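# Provide a 3D model corresponding to the input given below.
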Amino acid sequence: MTAVSAGVPASLNADGKPGESPRIVSVGSAVPGTSYTQEELLDIFRITDPRIRSVFRNSAIDRRFLTLPPMAPDGGRRVETQGELLRKHRREGLDMGARALHECLKKADAVLGDVRYLCCVSSTGFLTPGFSALLISELGMNRDCGRLDVVGMGCNAGLNGLNAVTGWAAAHPGELAVLLCVEACSAAYVFDGTMRTSVVNSLFGDGAAAAAVLLDDGDTRGPRLRKFASCLIPEAIDAMRYDWDDGHGKFSFYLDRDVPYVVGAHSEGIVNLLLKDTDVRRGEISHWVLHAGGKKVIDSMMINLGLTRYDVRHTMGVLRDYGNLSSGSFLVSYERLLDDGVIAPGDHGILMTMGPGSTIETALLEW
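Numbers count the residues shown, from 1 in each chain. Model (predicted):
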């Protein structure tokens, strides 16, 4: 049985009737300073197994931004402990997160003091206090800034966080809320030469992305967030998960090979739920922004939703240039859509992410 839910974020007018919905007024992103092609990574980690080399080469990824382990005495890369990986998660996450936040606010013509609510999303490490508290402290943001940390929900979590941010913005008209996805995926790698870990190591990249959300009747920048809908697939709950690896003394991420087909098979149903009780039909969706989960995932979504290569051009472009950026991936694709200059007033779009649970999250946009 599949669990589904839907909701419409909206403010209320003085007469109690639904009013305007919050809008995404800006987005920003950041990556580490170092990047590598798939061929370079095969050489750096001295991968000779032809099966694993094929996984890297057939990933539809050209380059990824990563913070690799330190050099070993033999010229290879040293194996990092779980403690070192957690420190990398914090160090790189704070750096990327701060830069993505600053870029997002600059595009919104806002400053740090304008942020009244900060939701930070991450699955590449565990921190207490979390990124929201650390960033507020290190950047000197307002002490009374509301905050939320969404930890461990995986690649779909950006839309879960956006749902929470949109709800907060709807309840606080005129006050700026920010979603910040921070994923130092290289802080969650295990290099043991197995196919299980190699699939993960061939796919994910480091990056952060932020979205500023505001409900202000006088501000028409960006699309309205009209509705969210979720779909949980309990029979595939173990298809994407973190396990503790006793042999290596660290967490190891697992991806089932059937993930693309499971999420693809449920994609049409969740889109129908999203559009239910709205005045929008499938044929009126002009823009599709999907999570760049991997080539097979994107192909499966295209087949099941009847999408064209043009529809997923930005999703494929992000996969090619960055790999899978986990929770923030869809925001980087959305950023590219904005830069494309093809959006017209009245257009509708769908944001879609998928991840552990197995879960599909969606949002309906209107410009």
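# so where do the strands sit in this protein?
3-7, 23-30, 35-37, 63-65, 115-122, 146-151, 176-183, 207-214, 224-232, 240-245, 250-255, 285-290, 348-355, 359-366 (DSSP state E).
# Let me see the mean pLDDT of the second one.
Model confidence over strand 23-30, given as mean pLDDT, is 98.
# so where do the helices sit in the stretch 251-367 of the chain?
Remark: helices assigned in the stretch 251-367 of the chain by DSSP state H, counting those that start in this stretch are 259-275, 295-305, 313-322, 329-340.
# Quick check: beta-bridge partners of Ile350?
Beta-bridge partners of Ile350, counted by DSSP bridges, are Trp288, Leu364.
# what about it, distance to His102?
Distance of Ile350 to His102, given as Cβ to Cβ, to the nearest Å: 29 Å. From N, CA and C alone the C-beta is placed, and that goes for glycine too.
# Looking at the two, which is more packed in?
Ile350 (22 against 16; other Cβ atoms under 10 Å).
# Dump the helices of the stretch 251-367 of the chain into JSON lines; add distance to Gly167 and mean pLDDT as well.
JSON lines is the format used below for these (distance: least, Cβ to Cβ, whole Å; pLDDT from 0 to 100):
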{"stretch": "helix 259-275", "distance to Gly167": "17", "mean pLDDT": "94"}
{"stretch": "helix 295-305", "distance to Gly167": "26", "mean pLDDT": "96"}
{"stretch": "helix 313-322", "distance to Gly167": "26", "mean pLDDT": "98"}
{"stretch": "helix 329-340", "distance to Gly167": "18", "mean pLDDT": "98"}
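# The longest helix that the chain contains: which residues count as buried?
Ordering each helix of the chain by length in residues (DSSP state H) puts helix 82-107 first. By neighbour count on 16 or more other Cβ atoms under 10 Å, the buried set for helix 82-107 is 82, 85-86, 88-90, 92-105, 107.
# And stretch 272-285, by the same measure?
Applying 16+ other Cβ under 10 Å to stretch 272-285 flags Leu273, Leu274, Leu275, Val280, Ile285 as buried.
# same deal with stretch 21-32?
Ser21, Pro22, Arg23, Ile24, Val25, Ser26, Val27, Gly28, Ser29, Ala30, Val31, Pro32.
# my guess is the last one meets Lys88, correct?
Same thing as Pro32. No: with contacts counted by Cβ atoms under 8 Å, Pro32 stays clear of Lys88, the gap being 10.4 Å.
# shared neighbours, those two?
Jointly contacting Pro32 and Lys88 under the rule Cβ atoms under 8 Å, 6 or more residues apart in numbering are Thr67.
# if I read this right, Thr353 contacts Gly154, doesn't it?
No: counting by Cβ under 8 Å, Gly154 is not a contact partner of Thr353; they are 9.1 Å apart.
# what do those two both touch?
Shared contacts of Thr353 and Gly154 (Cβ under 8 Å, 6+ apart): Ser327.
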